[in-house]
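[1] let me see the structure of the following:
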Amino acid sequence: MSYYQKHIFICNNVKSDGRKCCSQGCSNDMILYLKKKLKELNLLGEGKMRVSPSGCMGRCKVGPALVIYPQGLWYSYHSEHDIDEILAKSILQNEVVERLKL
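    All right, here's what the predicted structure looks like:
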């Protein structure tokens, strides 16, 4: 069994040359927001879920990006509403949020 049921990586890369990157999409705020939501549901921690910032995942042109493992589902998001939808449907119910899928 895996250490976590699901591990969500949210890119918060900052490019030094000013090119578009996920950090421009408020990724740090979204990391904190998703962690808070999972904590409220008692779903954060060992044997449950984990949210981690990541460096560049190579999806800059379609970001901000996050990926959920072990499913390997990639999403883009633009608001807390998008994060809420990914949480409710993809993380909790194992459904794909087609409108946000990369």
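
[2] C-alpha only now, for contacts and for neighbours.
    OK.

[3] quick check, pLDDT for residue 25.
    Model confidence at residue 25, given as pLDDT, is 58.

[4] what's the answer for the one 4 residues further on, then?
    With respect to pLDDT, residue 29 has a value of 89.

[5] the helix or strand hosting residue 35: what's the following helix or strand?
    Element membership for residue 35, per DSSP states H and E: helix 27-40. With elements assigned by DSSP H and E, the helix or strand that comes after helix 27-40 is strand 49-54.

[6] counting contacts, what elements does that next one pack onto?
    strand 6-11, helix 27-40 (3 or more C-alpha pairs under 8 Å, 6 or more residues apart in numbering; DSSP states H and E).

[7] give the buried residues for that strand.
    Neighbour counts using 16 or more other C-alpha atoms under 10 Å place 49, 50, 51, 53 of strand 49-54 among the buried residues.

[8] give me the beta-bridge partners of the third one?
    Meaning residue 51. Applying DSSP bridges to residue 51 gives these bridge partners: residue 8.

[9] contact partners for it?
    Shown in contact with residue 51 (C-alpha atoms under 8 Å, 6 or more residues apart in numbering): 7, 8, 9, 10, 31, 34, 35.

[10] OK, contacts around the last one?
    Meaning residue 35. Residue 35 sits in contact with 44, 50, 51, where contact means C-alpha under 8 Å, 6+ apart.
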